[in-house]
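**Student:** this is the structure alone, sequence omitted:
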């Protein structure tokens with residue numbers, strides 16, 4: 001199997017992907033030399049690849065400081081993908097309605113090749129918010145979203161997911177036994193409610209959205225922040241019910257039930 005994998009490798013393509021993945025971690029951009037050093041490649045091979053990526057519109061080269069950064073082309077292409085496009089068209093307006101009722105932000109995430117990625121985000125009304133940006137890659141084992149996305153798969157599918165998952169920034173090493181205990185509990189209650197493992201004072205409320213086969217195609221997450229001022233807003237239990245209802249509404253649409 002290893003020999004077959006090596007036989008069909010495409011080194012040039014892999015170099016291009018390496019550059020794109022590296023630039024995705026550096027929003028302010030990197031010089032050609034920075035990229036070459038980070039990837040342990042020669043300046044000449046990095047230059048040829050960067051020139052192609054710039055010509056095709058995936059990377060932008062700043063004329064002022066000679067920095068390379070990602071364009072929005074990949075984001076635009078992802079929005080054309082029919083399942084994602086359809087999901088966002090249906091879910092985003094409903095998310096906005098629910099955030100206004102709950103006075104809390106929410107985001108919608110999907111699994112992509114082992115990564116848990118935010119594909120839509122709606123900020124809470126009011127003057128201050130806690131929300132995640134579209135494109136954020138989240139942890140699998142230490143987030144409510146990741147656990148919910150895994151819970152409604154077969155054990156075999158979960159093992160395959162764990163095998164390909166790459167730790168997100170800040171995500172600790174995953175304990176498979178502990179993770180499966182979380183999965184079993186979520187299967188029982190149908191959602192996750194947990195203190196955030198990434199921010200103090202936030203409670204993660206995460207709910208699956210099912211397709212017609214009962215698989216979670218995405219997850220709705222509300223990073224609940226409790227207010228202690230005089231503004232009269234829904235309690236955490238009321239917010240839980242609002243987002244639970246939203247997940248059921250979206251599941252009914254996508255499952256046809």
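**Tutor:** Alright, I've got the coordinates. Computed from a predicted model, the values in this text were never measured in an experiment.
**Student:** which stretches of the stretch 51-200 of the chain aren't confidently modelled?
**Tutor:** 76, 78-83 (pLDDT under 70).
**Student:** go again using 80 as the cut-off
**Tutor:** Applying pLDDT under 80 to the stretch 51-200 of the chain picks out residues 63-65, 72-86, 128.
**Student:** which stretches of it form helices?
**Tutor:** 73-80, 82-102, 144-151, 155-164, 176-189 (DSSP state H, counting those that start in this stretch).
**Student:** which secondary structure elements does the longest one contact?
**Tutor:** The contact analysis (3 or more CB pairs under 8 Å, 6 or more residues apart in numbering; DSSP states H and E) places helix 82-102 against helix 73-80, strand 106-112, strand 115-122, strand 216-225, helix 236-255. From N, CA and C alone the C-beta is placed, and that goes for glycine too.
**Student:** try the third one
**Tutor:** In terms of contacts (3+ CB pairs under 8 Å, 6+ apart), helix 144-151 is packed against strand 106-112, strand 115-122, helix 176-189, strand 192-195, strand 202-210, strand 216-225.
**Student:** show me what contacts residue 209?
**Tutor:** Applying CB atoms under 8 Å, 6 or more residues apart in numbering, we find residue 209 in contact with 91, 216, 217, 218, 219, 220, 247, 250, 251, 254.
**Student:** spit out the contact partners of the third one.
**Tutor:** Which is residue 217. 83, 87, 110, 209, 210, 211, 254.
**Student:** now for the fifth one, how many residues are close by?
**Tutor:** To tie it back to what came earlier, the one meant is residue 210. 19 (other CB atoms under 10 Å).
**Student:** from residue 149, how far out is the closest residue to it other than its chain neighbours?
**Tutor:** Nearest non-adjacent residue to residue 210, counting by CB to CB, 6 or more residues apart in numbering: residue 251, 4.4 Å away. Noted for residue 251: a distance of 14 Å to residue 149, by CB to CB, to the nearest Å.
**Student:** same question, residue 122
**Tutor:** For residue 122, the distance to residue 149 - CB to CB - is 19 Å.
**Student:** those two: which is more packed in?
**Tutor:** Using other CB under 10 Å as the criterion, residue 122 and residue 149 rank with residue 149 on top: 25 against 22.
**Student:** pretty sure the more buried one contacts residue 109?
**Tutor:** Yes - between residue 149 and residue 109 there is a contact at 7.2 Å, judged by CB atoms under 8 Å.
**Student:** any residues in contact with both of those two?
**Tutor:** 116, 218, 219.
**Student:** show me the two of the contacts of residue 209 that sit farthest apart.
**Tutor:** 91 and 216 (13.6 Å; CB to CB).
**Student:** got a list of what the spatially closest residue to residue 234 that is not a sequence neighbour touches?
**Tutor:** Excluding the flanking residues, the one nearest residue 234 by CB to CB, 6+ apart is residue 102, at 5.6 Å. When contacts are counted by CB under 8 Å, 6+ apart, residue 102 touches 124, 222, 233, 234, 238, 239, 242, 243.
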